[in-house]
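> Provided below for reference: sequence and predicted model.
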Amino acid sequence: MIVSTRGATCTGVVLSERVLLTAAHCVQPAADYAVVVFEAGTPRLIPINRIALHPSFDPNSFETRRPTPDLALVRLSEALPAAFRPAALTTEMALPPKRTAFTVAGYGVTKDGDGQSAGTLRAVSLPSIGTTGGIMVRLSDGAAKGACTGDSGGPVLVEGVVAGIIGWSTAAGGARGCGGVTGATLIGPQRAWIDATLRGIGR
């Protein structure tokens, strides 16, 4: 779980003992960011000391409805506890067909505005309902399930492999909120940037 002095929370995916993959909007604007880890049930903060945003990310893309890769790599000031293991990232470049089954996971709230429900890792299965601009996949099962505030940056998995990173959610009918559609940046088309950036900021 990623937290900031802005009061925002997000989710991250472990790539190495000191590097996480998350959504770019989770580590913008400027603030102090850290990762929460739990050791023997006690939370501990590990500061983030370097942030690499995808060079094509546009923070206004949701409002303009022009999708851009909402991805960032962050480096921690110290290694994660030994219990953490790197996630497997997809190399699949093709866009997923409709109805592909995905699992989304994150530390977000269960209902928009219910801050007390954040901080617990939860997962739900959702089918693809289409793609946007060859960059993002949209997920929904029409049953008020999906990502919510705090889940951004979390993994979108196919058979245990990370195929995308959660970027946004809507309420029913496209309104602001949760329970409608979940949007995620696809990993495959961005693997070259992820791999090169990972080599540059962490092992």
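All right, it came through fine. Numbering: from 1, shown residues only.
> does residue 77 touch residue 33 like I think?
No: using C-beta atoms under 8 Å, residue 77 is not in contact with residue 33, being 10.7 Å away. C-beta coordinates here come from the backbone N, C-alpha and C atoms, glycine included.
> give me the common contacts of these two.
Contact with both residue 77 and residue 33 is made by residues 47, 48, according to C-beta atoms under 8 Å, 6 or more residues apart in numbering.
> pLDDT on the longest helix anywhere in the chain, on average?
Longest helix in the chain by number of residues (criterion: DSSP state H): helix 191-201. Averaged across helix 191-201, pLDDT comes to 95.
> quick check: which helices or strands does it pack against?
strand 13-16, strand 19-22, strand 42-53, strand 72-76 (3 or more C-beta pairs under 8 Å, 6 or more residues apart in numbering; DSSP states H and E).
> how about the secondary structure of the residue sitting nearest the centre point of the chain?
Taking C-alpha atoms, centre = their mean as the criterion, residue 153 is the residue nearest the geometric centre of the chain, at 1.6 Å. Three-state call for residue 153 (DSSP: H, G, I helix; E, B strand; the rest coil): coil.
> and residue 108, by the same measure?
Residue 108 ends up coil, using three-state DSSP.
> to residue 118, which of the helices and strands packed on helix 191-201 lies closest?
strand 42-53 (12.8 Å; C-beta to C-beta).
> residue most distant from the centroid, the chain?
Ranked by distance from the centre of the chain (C-alpha atoms, centre = their mean), the top residue is residue 40, with 25.5 Å.
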